[in-house]
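Asker: Predicted model follows, preceded by the sequence.
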2 protein chains.
Amino acid sequence: MRASVSLLRSARRAIGDRPAVVPLRSLNARTAGFRPITPTIPHHRRFSYSHDSPLPDSTMPKEKVSFTLKTPKGTRDWSGSDALLRDRIFSTISEVFKRHGGTALDTPVFELREILAGKYGEDSKLIYDLQDQGGELCSLRYDLTVPFARWLAMNPVSQIKRYAIAKVYRRDQPAVAKGRMREFYQCDFDVAGSNFDPMVPDAEILNIVTEVFEELGWNREQFTIKINHRKILDGLFEVCGVPPEKIRPISSAVDKLDKMPWADVRKEMVEEKGLDPAAADKIETYVSRKGRRELLDALLKDEALMANASAKQGLEEMGLLMDYLDAFGVLDTLSFDLSLARGLDYYTGVIYEVVTEGSAPATATKAAETQTLQKSGKKDKSKNPNLEDDDRSNDPSVGVGSIAAGGRYDNLVGMFSNKAQIPCVGISFGVDRIFSITKARMERERNYSAVRSTEVDVFVMAFGGKGFTGMLKERMEVAKSLWKAGVKAEFSYKVKPKLPQQFKAAESNGVPFAVILGEEELKAGKVRIKEMGLEEGHPEKEGVLVDLKTLPEEVKARLAKKNNPTTGASGTAVTELAQKVEGLNVEAAPKTEDAGV
Amino acid sequence: MRASVSLLRSARRAIGDRPAVVPLRSLNARTAGFRPITPTIPHHRRFSYSHDSPLPDSTMPKEKVSFTLKTPKGTRDWSGSDALLRDRIFSTISEVFKRHGGTALDTPVFELREILAGKYGEDSKLIYDLQDQGGELCSLRYDLTVPFARWLAMNPVSQIKRYAIAKVYRRDQPAVAKGRMREFYQCDFDVAGSNFDPMVPDAEILNIVTEVFEELGWNREQFTIKINHRKILDGLFEVCGVPPEKIRPISSAVDKLDKMPWADVRKEMVEEKGLDPAAADKIETYVSRKGRRELLDALLKDEALMANASAKQGLEEMGLLMDYLDAFGVLDTLSFDLSLARGLDYYTGVIYEVVTEGSAPATATKAAETQTLQKSGKKDKSKNPNLEDDDRSNDPSVGVGSIAAGGRYDNLVGMFSNKAQIPCVGISFGVDRIFSITKARMERERNYSAVRSTEVDVFVMAFGGKGFTGMLKERMEVAKSLWKAGVKAEFSYKVKPKLPQQFKAAESNGVPFAVILGEEELKAGKVRIKEMGLEEGHPEKEGVLVDLKTLPEEVKARLAKKNNPTTGASGTAVTELAQKVEGLNVEAAPKTEDAGV
């Protein structure tokens, strides 16, 4: 655990949310004063500045002001290798979505406030509202599910598989390096339709979960799909003697079992929520159980449970689901876990959460022993001097959380319009968390520094002796011929660049090929292609002269050979690493079997 | 013009921003009452609703409330063929960006309010603010340029080519069908760096503009890059006798020449802005001119202009730029236009705007004749009974506007930090407008209805006689084998689907192949592949039996053949249309040579 915490720390440094204080004489000033970079806790400073005077030459004194140059709390910029790695995760996921017949839906980043109201229980306080500037009252979307349900209610659609990859917004306490952000991406796939047979789309969704992680290069030991069923839970609580009005509160207490020991949960049930201790003890006999077929079989023989209509229906559906997952060959990724409850109000059937190493807080076990659970947001700052901006990335009581989650919600669309009571089931992937884990693994394997931030194939350069013009227009023409052929190419923006500078530019971006223009050679209609990074003594170390006319084809042939070493000779370390990144292959990491349980 | 207006109208109907009024007993109600769809002007209604009582069984009367089920004003959902077409435009553009060495940057959708302050002149009133909910004051980004400059100031980057494809927000009067939205996508490419020679990156940016539209299937007659230079403009105004403090206001009056006749612009200059009439008349002799080399050559001989240091520098840079564009072979897309001024404050060098048919208002010429210009937002509603929600899509005095725009901004980064005064130049593509034009053209050519909303290759189905089980698990297993091979496949979610229903599902989504499971055939380890839509009498009309084991390879071979008819036989109408859409080829439309000028 220690190793992974320190990895996360270095990942966080790499993510680099460096705030800089910049004093501005006025916000309109073209040139502003400069003060050296000083880390600050922006949360603790208030902004103040003078507004511009309407007069062009105001004699009013302008207050010298400063503000922190940073992104808003819990948000970050994505650039370079990080952006590239994340984009590859996106495209891997969306390929799987399309393979299953998904069609894209893109909704506005904000919705009418009424659309979101009453959908998220007590988490509604985390919704970002837009200021009332006249006109409609709007809020930033909290997830992609409610906008999807709103869209279904507005459009004449009876069935659809829709996917969406977009940012959502929650005013929660962030832990940036762990991928717990205020602005973060969700990748959702949902199936809506009223005329389907039970558990068939549910099974395809869970199959998609497995396919997504496998395509991301994870093996099945690296993630677990925890699954439960709202109808089983409701029946179980009834059978244990929980009064109907206490089912939701007791359910939300049970859901904390991945962060708290049973004793604390029991205390909350009995002392805070007034549950009969006997009922609590009965609940324990159920919620401590997890498994697969054998657990289901045991529950199907539980006469008390099977006498409850809700539990019976849930258990039978769970059996059907397991049959279908068997047909898809993915049943082994499942953990039927009676303690899984999930917070959102709108679920009505199966619910699931995908966990991995680091999903649960590092201190969960310790906390269980000492009975002194740290509550989030109540950290002792003196013990964590590195905490900036209330970021909880270094707080061991905070885990990465689930990396995907979802369930069935049959009544949500009907909240907008009962013309269309369309049952739905779906999954949402937390890409920022998946990114953080993938990056940490790649850094551990020292792969990450080899991720290139551009995909440039060729750097077009020129050299010459005395009276060298720089051949800028010639370089432009050659670059244009490569672009026309679809080759990614760059050249120096200097009129007379020096050759070493041009090589350095190519090397620093990991560009695999140089195309070199020499005055004499060009007069003869020839240019030189040089593969970068060949060892001394390689027969093509100094490059190969080719006809200018056939240059694009020559370059493309060499690129194809380099990118597909099975058909060709080459295959440098850079290529291999690039391929490793391409497939997002990660080494099997030791898995904490009970992570988050 | 009439034809294109009616096309835009039908495009708008297709986009379908249908508002529906839904009465809700309470916002938490699981089932809500229903009232038939009635078009309303949501802008004219106020929302009112009762909040939930904290008590589970409140005795407080719940007010019967209603709200409009719609997206916020000036926003829309993107789904089905629209989403697919737009995604193809995105990927076409980002491919060009990557080909030129672009690296992705993704910034948060909101910024600290101070970051945006003082950057947009009088358009700052269009910025969306987030509500103050405690903590930082934030606003939605207005463009992608200011966040890029903020990022440059925060990070140790001395040069970069960055691209970004993301939504921006402006509280303007929308015209949805014309792609004038409050939430809309921009696709930006910018080059930052302090050590480049003049006009080299500028030339590459303009080359990128041409490549993007060519890759989108436009020919060079279908768009014009209007270009000017802030230094030429400033010098020209000085030479004409505009006092320094009036240069910006006079510049913004000149910029209106694409919407107003000269007489109105002159009136604004002289009567509203107090310019000497003689200066105005002198300005006219310049700003009425447009051309390419010949205009530049004439201006280079203009002694008054050349005596002005700013104008001289601008004209010399323009000459250099034309040389470089000649080397790239794209000079013919340019129109050097002295009336182009652009609104934003931060430009310091070349400025450009890409226009096409429909960029200018349809009534510009008429307005010029009658001298009765309609001001936006002051429409007579009784004459436009179809106007909903103040959408100006049917308003002939509103054009599509420019489809791409940009320029050089050398001082913006320094507004955040003068440690890094990094010169920049860039371009922003207005994808929603490009989408609207592309879609209208495709509809005119009746191509659009053939755009599929999913990319499914195979529908897996089953049939059988008496005692038919539906073979659900077998269909699942076959689908899984196809997914594993990367084939996009679907199957019916019914346990016992009827064969006609399965065929209908495949046909309605334009799925090219069916894989059919029959009980007897499956026992023999065989399944049937059937290409959809073959004519009667075709030898494979009833499909071909293949081994279950080799099914994925058999399917992939057939798909490859179908998608690449040059190597195979097939090539149905659907394939051809799909390819047409793939390349986004559009027929050459007649171009109004003076559109928007």
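Answerer: Looks like it arrived, so ask away.
Asker: Taking the stretch 151-300 of chain A, what residue is nearest to chain B?
Answerer: At 3.7 Å from chain B, A:Phe196 is the closest residue in the stretch 151-300 of chain A, using CB to the nearest CB. Heads up, the C-betas are built off the backbone N, CA and C, glycines and all.
Asker: Now do the residue nearest to that residue when sequence neighbours are not counted: how many residues are near it, please.
Answerer: Spatial nearest neighbour of A:Phe196, chain neighbours left out: B:Tyr493 (3.7 Å); criterion: CB to CB, 6 or more residues apart in numbering or on different chains. Using other CB atoms under 10 Å in any protein chain shown, B:Tyr493 has 22 neighbouring residues.
Asker: got it, and A:Glu474?
Answerer: 19.
Asker: try A:Leu522
Answerer: Here the number of neighbours of A:Leu522 (other CB under 10 Å) works out to 18.
Asker: Report the separation between A:Val202 and B:Phe459.
Answerer: Heads up, residue A:202 is Asp, not Val. 20 Å (CB to CB, to the nearest Å).
Asker: Revised request: answer the last question for A:Gly537.
Answerer: Where B:Phe459 is concerned, A:Gly537 sits at a distance of 58 Å (CB to CB).
Asker: go on, A:Lys231?
Answerer: For A:Lys231, the distance to B:Phe459 - CB to CB - is 32 Å.
Asker: Then A:Pro423?
Answerer: 22 Å.
Asker: who has more neighbours, the two?
Answerer: B:Phe459 (26 against 22).
Asker: can the strand or helix carrying the more buried one be found next to chain A?
Answerer: Per DSSP states H and E: B:Phe459 is located in strand B:458-463. No. Counting by CB under 8 Å from any CB of the partner chain, chain A is not contacted by strand B:458-463; separation bottoms out at 9.0 Å.
Asker: Rounded mean pLDDT for whichever helix or strand comes after that strand, please.
Answerer: Per DSSP H and E, the first helix or strand lying C-terminal to strand B:458-463 is helix B:472-484. Regarding helix B:472-484, the rounded mean pLDDT is 97.
Asker: buried set for helix B:472-484?
Answerer: Buried positions in helix B:472-484, judged by neighbour count with 16 or more other CB atoms under 10 Å in any protein chain shown: B:Leu472, B:Glu474, B:Arg475, B:Met476, B:Glu477, B:Val478, B:Ala479, B:Lys480, B:Ser481, B:Leu482, B:Trp483.
Asker: Which neighbouring elements make contact with it?
Answerer: helix A:200-215, helix A:309-328, strand B:458-463, strand B:489-491, strand B:513-518, helix B:551-563 (3 or more CB pairs under 8 Å, 6 or more residues apart in numbering or on different chains; DSSP states H and E).
Asker: in the shortest one, what counts as buried?
Answerer: The reference is to strand B:489-491. Within strand B:489-491, the residues that qualify as buried are B:Ala489, B:Glu490, B:Phe491, counting by 16+ other CB under 10 Å.
Asker: Which of the residues you listed sits closest to chain A?
Answerer: Distance to chain A across those (CB to the nearest CB) is lowest for B:Glu490, with 4.3 Å.
Asker: The residue positioned nearest the centre of chain A - nearest residue in space that isn't next to it in sequence?
Answerer: Residue closest to the average C-alpha location in chain A (CA atoms, centre = their mean): A:Val431, at 1.5 Å. Spatial nearest neighbour of A:Val431, excluding adjacent residues (CB to CB, 6+ apart): A:Tyr185 at 4.5 Å.
Asker: Give me the secondary structure label for the one you found.
Answerer: Here A:Tyr185 takes the strand state, with states given by DSSP: H, G, I helix; E, B strand; the rest coil.
Asker: my read: it touches A:Ile165, true?
Answerer: Yes. With contact defined as CB atoms under 8 Å, A:Tyr185 reaches A:Ile165; the gap is 6.6 Å.
Asker: got any residues that touch both of these two?
Answerer: A:Phe90, A:Val431 (CB atoms under 8 Å, 6 or more residues apart in numbering or on different chains).
Asker: higher neighbour count, the two?
Answerer: Neighbour totals were compared for A:Tyr185 and A:Ile165, and A:Tyr185 leads with 23 against 20 (other CB under 10 Å).
Asker: and the more buried one, what does it touch?
Answerer: Neighbouring residues of A:Tyr185 by CB under 8 Å, 6+ apart: A:Arg86, A:Phe90, A:Ile165, A:Ala166, A:Lys167, A:Val168, A:Val431, A:Asp432.
Asker: repeat that with 10 Å
Answerer: Residues counted as contacts of A:Tyr185 (CB atoms under 10 Å, 6 or more residues apart in numbering or on different chains) are A:78, A:86, A:89-90, A:144, A:165-168, A:179, A:429-435, B:106.
Asker: if I've got this straight, the residue of the stretch 151-300 of chain A closest to chain B is in a helix?
Answerer: No. Secondary structure of A:Phe196 (three-state DSSP): coil, not part of a helix.
Asker: surely it meets A:Pro423?
Answerer: Yes. Between A:Phe196 and A:Pro423 a contact is recorded at 7.7 Å, counting by CB atoms under 10 Å.
Asker: Name the residues of stretch A:250-259 that are buried.
Answerer: A:Ile250, A:Ser251, A:Ser252, A:Ala253, A:Val254, A:Asp255, A:Leu257, A:Asp258, A:Lys259.
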